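Enquirer: Could you look at this predicted model? Sequence included:
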Number of protein chains: 2
Amino acid sequence: MKISDLAHRSGLTAHTIRYYERIGLMPRADRDGSGHRDYGPETLIWVTFIGHMKAAGMPISEMLRYARLRQQGAGTSDQRADILRKRRALVAQRITSLQATLDVLDGKIAGYDMERTSNDNDRNTA
Amino acid sequence: MKISDLAHRSGLTAHTIRYYERIGLMPRADRDGSGHRDYGPETLIWVTFIGHMKAAGMPISEMLRYARLRQQGAGTSDQRADILRKRRALVAQRITSLQATLDVLDGKIAGYDMERTSNDNDRNTA
DNA sequence: ATGCATGTTCGAGCGTACTCGAAGTCAAGC
DNA sequence: GCTTGACTTCGAGTACGCTCGAACATGCAT
């Protein structure tokens, strides 16, 4: 898989993928005969995971920590599980907070709708 | 209300509040005899709203647009309602996405837990 | 009158996460 | 053999949202 394919399938740009490799978030890619990056299917799994963690609001620094532990192998599972459990708690919190935000927005919107209705009434009763 | 009070009650720093004023997100504050900012209670309502919109992921540029419309008065309610409705949709989307992320995390965590259990078994059966 | 806390303005700096452009290489098609 | 297009490296630039420090003013307590 070429970088453009991976870019297309992951929704990232080639620039961003190279950036991720540069900072160590992705392993150094294998190269084909002409020095171009050549990805196996497992890479797509990894970038997809990165995408999920990004959606979870995980900063790159923490992904890096996770990635490094992963490379160190099986002995680090507890630490990795810990990272994910903490992140899970934060995500759950974030959902709760967003639901509260939704209520605030709905309240405000209802306020504007009432204003509109009352204007309609003005018009109807004028 | 002094800036330190507003800071304390809003969870922002005085620096941030002045920054918000600088960029137009908050109206120029009234001053007391010695030139210090002196806030009325309505200001706390506005910063609280800003906080909610920040939680909703609204960029400052959009808050600015909203704030400007608000200052222009009643004729702009439709536009303001529109901003909030669009933001509401984005927040709802974001919640859905975070819930999916939660599932991914739970799956991963369950994987690590199984690994642990199987290691326990190894130990027990060794 | 002196110290100390709290305020002021202004501009510069920072952290995060990209994003882009320049300059060069390489393989394929015409 | 020349153009085209996708790739390469490298370093610099951008966008956002603060965050901070310097230098100065003010007002209360000792």
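Expert: Thanks, I have it. The shown structure was predicted, so the numbers you read here are calculated from the model rather than taken from an experiment.

Enquirer: is DNA strand C contacted by the longest helix anywhere in chain A?
Expert: In chain A, assigned by DSSP state H, the helix with the most residues is helix A:77-125. No. In terms of Cβ under 7 Å from any atom of the strand, no part of helix A:77-125 sits within range of DNA strand C; the closest distance is 12.6 Å. Heads up, the C-betas are built off the backbone N, CA and C, glycines and all.

Enquirer: average pLDDT for that helix?
Expert: For helix A:77-125, mean pLDDT rounds to 90.

Enquirer: could you give the angle of it to helix B:77-125?
Expert: Angle between the axes of helix A:77-125 and helix B:77-125 is 160 degrees (criterion: axes from the mean of the first three to the mean of the last three Cα atoms, to 10 degrees).

Enquirer: Mind giving me the packing neighbours of helix A:77-125?
Expert: helix A:60-72, helix B:41-55, helix B:77-125 (3 or more Cβ pairs under 8 Å, 6 or more residues apart in numbering or on different chains; DSSP states H and E).

Enquirer: Run the contact check for the longest one versus DNA strand D.
Expert: No. Contact check for helix B:77-125 against DNA strand D, using Cβ under 7 Å from any atom of the strand: none in range, with a minimum separation of 12.7 Å.

Enquirer: go on, the shortest one?
Expert: No. Looking at helix A:60-72 against DNA strand D by Cβ under 7 Å from any atom of the strand, there are no contacts, and the closest approach is 12.9 Å.

Enquirer: buried stuff in that helix?
Expert: Across helix A:60-72, burial judged by 16 or more other Cβ atoms under 10 Å in any protein chain shown covers A:60, A:63, A:66-67, A:69.

Enquirer: what is the orientation angle of it with helix A:77-125?
Expert: Orientation check (the same axes, to 10 degrees): helix A:60-72 against helix A:77-125 gives 150 degrees.

Enquirer: and helix A:60-72, what other elements does it pack with?
Expert: Using 3+ Cβ pairs under 8 Å, 6+ apart, helix A:60-72 is in contact with helix A:41-55, helix A:77-125.

Enquirer: Perfect, I'm done here.
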